[in-house]
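> sharing a model prediction with you, sequence too.
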2 protein chains.
Amino acid sequence: MSPEAAMDIASLTCPLPVTDSPRVLLGHGSGGRMSANLLQQMFLPRFGNPYLNRLDDQAVLEVGGQRIAFTTDSFVVRPLFFPGGDIGRLAVNGTVNDLAMGGARPLFLSAGFILEEGLPLDDLAAILDSMQAACQEAGVLLVTGDTKVVNKGSGDQCFINTAGIGLLEHPWLLSADQAQPGDVVILSGTIGDHGMAVMSRREGLDFETEIRSDTAPLAGLVASMLEASHEIRCLRDPTRGGLASALNELARASRVGIEIDEERVPIHPAVHAACELLGIDPLYVANEGKLVGIVGAADADVIIDRMRRHPLGSEGSVIGRVTERHPKMVVMRTRIGGSRVVDLHSGELLPRIC
Amino acid sequence: MSPEAAMDIASLTCPLPVTDSPRVLLGHGSGGRMSANLLQQMFLPRFGNPYLNRLDDQAVLEVGGQRIAFTTDSFVVRPLFFPGGDIGRLAVNGTVNDLAMGGARPLFLSAGFILEEGLPLDDLAAILDSMQAACQEAGVLLVTGDTKVVNKGSGDQCFINTAGIGLLEHPWLLSADQAQPGDVVILSGTIGDHGMAVMSRREGLDFETEIRSDTAPLAGLVASMLEASHEIRCLRDPTRGGLASALNELARASRVGIEIDEERVPIHPAVHAACELLGIDPLYVANEGKLVGIVGAADADVIIDRMRRHPLGSEGSVIGRVTERHPKMVVMRTRIGGSRVVDLHSGELLPRIC
């Protein structure tokens, strides 16, 4: 037996970034560097095509002369129910938001359920009620679905996949490679709420103020931004991997540097306290109802103004800028006047957050 | 404690059709009566809309003036690799076929992976290789995806969801409610191959002839059938629940009776032997590369002729007819001249077959 086989590190539940493991680790699903490596090494060499290669949250396709957006996400969050939402609401809003980030109007969803034998039907009913309400709120129809059941112990209560179709009703391309030096970085509100809401429920943490997930459908906010300006280069909803990962993806795809100002990034005090307690950087914590964007500097004021008139963008602000310096890197100017590199994280900070 | 709670039948891995259980059972994923009940009682009351209510394998949508088909399926088959295929090939062909059954040309797929920590990366690579080959064979592009990793023990190696978009390039509606008395029932080849290939591998059964899954993309076969005739009312790929469930769904949706002739339903001798051994009726065993259809009697010959010229329809034949008698029921005329009702099955015969 080889020493490697004898050790079998992957038989442990291991959050460490063991990037040369011959097995799938939690970090491969983190939205950080290991996720990026898995995509680059396993998926793109096999499936690479002009749609997939853009690495946006959605593919923009031409079908019968019509531009449509198409996207998918699976949801494995634990617990199923958390302050501010549940897996059903997340599954609808997550896919709605991936369509919205491409500038599309979300129209239709599919839903695939993988249920573990033994799940209480009352829990399933509550999840479906929540999905239905979320569909109505977002203005989408669930039009096709599938349910599989796996034996007890072969799943974990309920996993949901949603895929979505949206319509591009304008000629512009919102894509990760469109950022240009001189553009500014905008953010629609506080960061870290979703991830810390799930974590605090899971870890049984009690704070003076309850932390609630921000899960919400962002298509209406995006539509009003697009009405205000055509100078929106790209949008992301910073979910897994948080704001840091979203900005790194944009910097890499556009081959530009991105600078953000720490004091301009809003963080709810309770989220800040929870992150301090757990030793987690809020820049890497998932959001489910926020967007970060790169927009032309000349139009930034009118876009921010429009965002603030929308309930989901009331705290919208400019948080940074795109530069020619340090291409493909994200740098944060700290409160005390220093600066630090904001890299992709290596492993998995918060597993099963979405 | 109530007697019901004390018993907690759902804590067992239970294949029995306990239809009044307060928990999800394997039978809810069977494609039989419990699946139908779950759909009728849990999903349709919440999400019901004109697209979903058709209960076809795909939704046919109008997007920007263009008719497109949209579908999804999750794949949880065990083992991951089996004679004739693997979960990757199944995940591509399954969704391609659901689009094809609506008469659409499959164009684009999404893929959502839920990987269990510890899955060998070599296994993942083999699955992705197989998906890529299947995409190429079916002429579709994988354009968007997502990967989640769950802790060891919270999943089962690898689950895959695929969703797909196809284009309707003709004005006809192929749907479960289009069958009319006087139509005939056609079938493209032998039944039961996929389900018994998986079962024989899982149970370690050895037969003189290896049973191989029939997993294959059927869009080319359907396209050539549509070229030959416009009198194709509806098509189904009889996967979970087999030929019996597919015909029952068509009989119910069209409110017609369906009669099939046992001697005309082709079954591979090894599949027949395996079914006998396991006490399973091949009518209920999953297929992944066959189609059953209802077509106008006048065009049946030309359709069958065209099918037989296609490698995936070389055993195509008429197996029965649509009648006014016994509406919503399927009846089989047996070899010995009797007849029996072919109902939806109640529980789960073969779990985790796709």
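Alright, I've got the coordinates.
> so what's the closest residue to chain B within the stretch 151-300 of chain A up against?
Nearest residue of the stretch 151-300 of chain A to chain B, counting by CB to the nearest CB: residue A:163, 3.4 Å away. In this view, the C-beta of every residue, glycine as well, is placed from N, C-alpha and C. Residues touching residue A:163, when contacts are defined by CB atoms under 8 Å, 6 or more residues apart in numbering or on different chains, comprise A:70, A:71, A:72, A:95, A:109, A:110, A:112, B:72, B:110, B:112, B:161, B:163.
> can you rerun that using 6 Å?
Neighbouring residues of residue A:163 by CB atoms under 6 Å, 6 or more residues apart in numbering or on different chains: A:72, A:110, B:72, B:110, B:163.
> pipe those into CSV and attach secondary structure, pLDDT and distance to residue A:208 per row.
Below are the contacts of residue A:163 laid out as CSV (DSSP: H, G, I helix; E, B strand; the rest coil; pLDDT from 0 to 100; distance: CB to CB, whole Å):
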residue, secondary structure, pLDDT, distance to residue A:208
A:72, strand, 98, 39
A:110, strand, 98, 41
B:72, strand, 98, 43
B:110, strand, 98, 42
B:163, strand, 98, 43
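> so residue A:77 touches residue A:351, yeah?
No. Using CB atoms under 6 Å, residue A:77 is not in contact with residue A:351; the gap is 10.0 Å.
> neighbour count winner among these two?
residue A:77 (27 against 22; other CB atoms under 10 Å in any protein chain shown).
> for that one, give its distance to residue B:327.
Distance from residue A:77 to residue B:327, counting by CB to CB, to the nearest Å: 45 Å.
> which intervals of chain A have sub-threshold pLDDT?
Residue ranges of chain A with pLDDT under 70: A:1-19.
> switch the cut-off to 80
By pLDDT under 80, the weakly predicted segments of chain A are A:1-20, A:206-208, A:347-349.
> which SS class is residue A:327?
Following DSSP: H, G, I helix; E, B strand; the rest coil, the label given to residue A:327 is coil.
> check contacts around it.
A:255, A:256, A:257.
> and it, how far from chain B?
Between residue A:327 and chain B the computed distance is 27 Å (CB to the nearest CB, to the nearest Å).
> ok, that residue to residue A:254 distance?
9 Å.
> for the residue nearest the centre of chain A, give me phi and psi.
Geometric centre of chain A, nearest residue: residue A:239, 2.1 Å, by CA atoms, centre = their mean. Dihedral angles of residue A:239 (phi, psi; degrees, to the nearest 10) stand at phi -90, psi -120.
> so it sits right up against residue A:286, yeah?
Yes. Contact criterion CB under 6 Å: residue A:239 and residue A:286 qualify, at 5.0 Å.
> where do the strands of the stretch 1-150 of chain A begin and end?
Applying DSSP state E, counting those that start in this stretch to the stretch 1-150 of chain A gives strands spanning A:59-63, A:66-75, A:81-82, A:85-86, A:105-116, A:141-150.
> please render those strands as CSV that adds distance to chain B to the earlier fields.
CSV is the format used below for the strands of the stretch 1-150 of chain A (distance: least, CB to the nearest CB, whole Å):
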stretch, distance to chain B
strand A:59-63, 4
strand A:66-75, 4
strand A:81-82, 17
strand A:85-86, 14
strand A:105-116, 4
strand A:141-150, 3
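> out of the ones you listed, which is closest to residue A:30?
strand A:66-75 (14.4 Å; CB to CB).
> just give me the neighbour total for residue A:138.
23.
> close enough to count as contact, it and residue A:98?
No. Assessed by CB under 6 Å, residue A:138 is found out of contact with residue A:98, at 11.9 Å.
> show me the contact partners of stretch A:205-219.
By CB under 6 Å, 6+ apart, the list of residues contacting stretch A:205-219 reads A:82-85, A:89-90, A:93, A:96-97, A:100, A:106, A:137-138, A:193-194, A:196-197, A:200, A:270-271, A:288-289, A:291, A:312.
> buried set for that stretch?
A:211, A:212, A:213, A:214, A:215, A:216, A:217, A:218, A:219 (16 or more other CB atoms under 10 Å in any protein chain shown).
> would you map the helices across chain A?
A:3-7, A:33-38, A:44-47, A:87-100, A:121-138, A:193-203, A:219-228, A:242-254, A:269-278, A:300-308 (DSSP state H).
> give the buried residues for the third one.
In this case it means helix A:44-47. A:46, A:47.
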